[in-house]
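No letters, just coordinates:
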């Protein structure tokens, strides 16, 4: 273990890590990759990572939970997209599973319905034929799939939307 005051490389690595953390929350893997890219030795990176986790600056459980909360609500992303984003950021599968498991199907359906409602108002008013309705439904399904909702959620939401459309007619 390095003494913090005596090792200038550890001090420099800490400065890089805090500067990187200052821009936004990061996963442990993101910080580790950043330090390695900056050319710090493995021993320094390992020591600093342990220090940052011990002192509470890095916590992948909290990072993943906050990420899910923010992206699910603000961007209205589904579980599939959120899982892919966390995987890309180096969060381990068990952590992702635990955090994604906390997102209920009801929340997924609510978010997907919000997207459908916001995107379909203009489209539904202008549609004239059954073929137009199918095109709109197909576009909405593709949008929801791109946003990371699984096919079961997409089917449920589109069925709800079709019911609402019939009731309004």
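Thanks, I have the structure now. In this text, all values refer to a predicted model and were calculated from it rather than measured experimentally. Residues are numbered from 1 along each chain as shown.

per-domain residue ranges of this structure.
8-58, 61-100, 105-168 (automatic domain parsing).

What mean pLDDT does stretch 141-155 get?
Per-residue pLDDT values across stretch 141-155 average out to 95.

do the same with stretch 68-87
Mean predicted lDDT for stretch 68-87 stands at 94.

hmm, who's touching that stretch?
By C-beta atoms under 8 Å, 6 or more residues apart in numbering, the residues outside stretch 68-87 that reach it are 27, 64, 67, 93, 95-96, 99-100, 102-103, 107-108, 111-112, 114-115, 144, 146-150, 153. For every residue, glycine as well, the C-beta is placed using N, CA and C.

Residue 120: what secondary structure?
Three-state assignment for residue 120 (DSSP: H, G, I helix; E, B strand; the rest coil): helix.

does it really touch residue 161, like I thought?
Yes. With contact defined as C-beta atoms under 8 Å, residue 120 counts as touching residue 161 (6.7 Å).

who touches both of the two?
residue 140.

where does the chain have its least confident helix or strand?
Here the helix or strand of the chain ranked lowest by mean pLDDT, DSSP states H and E is helix 105-126, holding a mean of 81.

which strands and helices sit next to that one?
Secondary-structure packing of helix 105-126 (3 or more C-beta pairs under 8 Å, 6 or more residues apart in numbering; DSSP states H and E): helix 60-74, helix 130-146, helix 151-168.
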